[in-house]
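Asks: Kindly generate the corresponding structure for this input.
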Amino acid sequence: MPTISKVTNPVWANSDKTLITCSIDIETEVDGVTSVESHPFMASPNDTVDYGKQIFADCIAGKYGGVGAYVAVPIVAPTLTFLQFFALFTPAEQANIVNSTDTQVKLFILMAAGASMLDMGNPEVIQGVNYLSSKGLVVKERVPDILTCKALS
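Replies: Sure thing, here's the model as predicted:
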């Protein structure tokens, strides 16, 4: 059975302080040979395994040093080429957009095609995709997936 031989680098994994990430060294013995491997681990007071609850409690108690501060990771919107951007739409949506006679749709696509890169967090891109949806060219429920680049992934 594996044994946890070392816990290092405990850090809060969320602002609620209900999760701690750390590294654990797991010692295993096979045919009399002991090996140690380091693994990332997330501990919680509600962990499904007892050793996870114990590691969390030991971290809180300071057994492995202080628990490092939680640092929120800023979400950076993806930047795409026009071809990558247009590939987020289904073939039917692409046809709808290309065949649209709406001046604002044409202007949005012309500007998007002319940009070297499209920042998916740019308010003009967001407004443009929402406009496509408002004109029935893109399925409304797909807009969040398109803007987060999850469409067609």
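
Asks: any chance you could map the strands in the protein?
Replies: In the chain, the segments counted as strands under DSSP state E are 3-12, 20-30, 33-43, 79-80, 118-119.

Asks: Can you tell me which of the ones you listed is nearest to residue 52?
Replies: Closest to residue 52 of the strands of the chain is strand 33-43 (CB to CB; 4.9 Å). The way it works is simple: take the backbone N, C-alpha and C, and place the C-beta from them, glycine included.

Asks: Which parts of this structure belong to which domain?
Replies: As assigned by automatic domain parsing, the chain contains the domains 3-60, 79-147.

Asks: Could you provide those in CSV, with additional columns for mean pLDDT?
Replies: Listed next are the domains of the chain as CSV, based on pLDDT from 0 to 100:
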stretch, mean pLDDT
domain 3-60, 92
domain 79-147, 93
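
Asks: okay, those in CSV with distance to residue 69 next?
Replies: Below are the domains of the chain laid out as CSV (distance: least, CB to CB, whole Å):
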stretch, distance to residue 69
domain 3-60, 6
domain 79-147, 26
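
Asks: Just want the phi and psi numbers for the residue in the chain sticking out farthest from the centre.
Replies: When each C-alpha in the chain is compared with the mean C-alpha position (CA atoms, centre = their mean), residue 32 comes out farthest, at 41.8 Å. The phi/psi pair for residue 32 (degrees, to the nearest 10) reads phi 80, psi 0.

Asks: which ones are touching the residue nearest to residue 65 when sequence neighbours are not counted?
Replies: Nearest residue to residue 65, sequence neighbours excluded (CB to CB, 6 or more residues apart in numbering): residue 10, at 7.0 Å. By CB atoms under 8 Å, 6 or more residues apart in numbering, residue 10 lies in contact with 20-22, 59, 64-68.
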